[in-house]
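Undergrad: Quick check, what structure comes out for this input:
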Amino acid sequence: MRILLTNDDGINAPGLAVLEKIARKLSDDIWICAPAEEQSGAGHSLTLTRPIRMHQHGERRFSVAGTPTDSVTMALKKLLPAPPDLILSGVNCGANLGDDVTYSGTVSAAIEGSLAGIRSIALSQVYSKEGMADSVPFDAAEEWGERVIRPLLTTPFDPRTLINVNFPPIHAGDIKGIRAVRQGFHDYARGSVVEGKDPRGYSYYWFGLYGIEHSTGHDSDLEAISDGFISVTPLHIDLTHYPSLQGLKALFA
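TA: So this is what the prediction gives:
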């Protein structure tokens with residue numbers, strides 16, 4: 001089984017090293033193609049206004065001066081001798097829960113794989129405290145990753161669907177289990193924009209990741225993580241709101 005690994009935290013991210021350990025429990029045919037630098041929040045963006053450059057770091061290990069979507073595209077079209085059987089994206093440093101998946105480069109790399117018809121899974125390690133991003137413990141992801149992924153290898157995926165996995169911010173031994181859950185939603189009305197002054201006196205603004213209330217509903221990914229479970233959520237790329245479609249058809253008939 002050929003596995004392609006990617007992420008949005010960059011080629012040197014510790015979560016990618018964890019993902020490689022997980023992947024090597026499943027196969028020895030591992031390819032890595034990840035952004036050269038962190039691309040958190042890049043979403044499903046594709047670089048169109050400048051050339052893409054690629055650098056080799058070792059056997060079957062490459063970085064791309066671009067986004068996670070660029071990395072998957074380059075791997076599929078320029079690097080791999082044949083399409084992979086599986087794409088794993090992550091392990092992201094931080095949560096990709098609820099409607100945050102729309103911003104996530106980690107999830108978007110898996111989206112790109114699913115668009116190419118390849119079984120794709122995004123994995124993220126939640127952390128609980130501000131300022132911990134440089135020292136996130138990945139032991140939950142490392143110990144439970146294979147247990148989550150292996151059953152998904154033989155599970156049918158509908159076309160243009162992917163799986164989004166989040167590991168709770170607790171020690172591996174304290175995890176209560178794995179829950180298949182729906183996508184939750186956040187209350188973005190309470191998000192923050194932090195204003196400051198640079199050394200020259202000019203204003204700058206920084207989007208805050210904290211202070212956003214979680215509107216957790218029953219059986220959501222947000223609730224599963226809060227309860228100490230690993231969340232496994234199927235996502236699909238069709239954004240059509242079907243309940244509105246018939247009314248719009250009648251409106252423009």
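
Undergrad: got any ranges where the stretch 51-200 of the chain has weak pLDDT?
TA: When residues are selected by pLDDT under 70, those of the stretch 51-200 of the chain lie in 129-135, 187-191.

Undergrad: at 80 instead, please
TA: 128-136, 186-192 (pLDDT under 80).

Undergrad: Okay, helices next: where are they in it?
TA: In the stretch 51-200 of the chain, the helices defined using DSSP state H, counting those that start in this stretch lie at 68-74, 105-115, 139-152.

Undergrad: Tell me the helices and strands packed up against the shortest one.
TA: Helices and strands in packing contact with helix 68-74 are listed as strand 2-6, strand 29-35, strand 61-64, helix 105-115; criterion 3 or more Cβ pairs under 8 Å, 6 or more residues apart in numbering; DSSP states H and E. All C-beta spots, glycine's among them, are computed from the backbone N, C-alpha and C.

Undergrad: List the residues that contact the closest residue to V101 other than its chain neighbours.
TA: Distance criterion Cβ to Cβ, 6 or more residues apart in numbering; nearest residue to V101, sequence neighbours excluded, is V107 at 4.6 Å. Residues in contact with V107 (Cβ atoms under 8 Å, 6 or more residues apart in numbering) are S89, N96, V101, A122, L162, N164, L235.

Undergrad: and the third one, how many residues sit next to it?
TA: V101 has 23 neighbours, counted by other Cβ atoms under 10 Å.

Undergrad: Was I right to think it contacts I237?
TA: No. Between V101 and I237 there is no contact under Cβ atoms under 8 Å: 11.2 Å.

Undergrad: about what we covered before: go through the helices of the stretch 51-200 of the chain and name the closest to I52.
TA: Closest of the helices of the stretch 51-200 of the chain to I52 is helix 68-74, at 5.7 Å (criterion: Cβ to Cβ).
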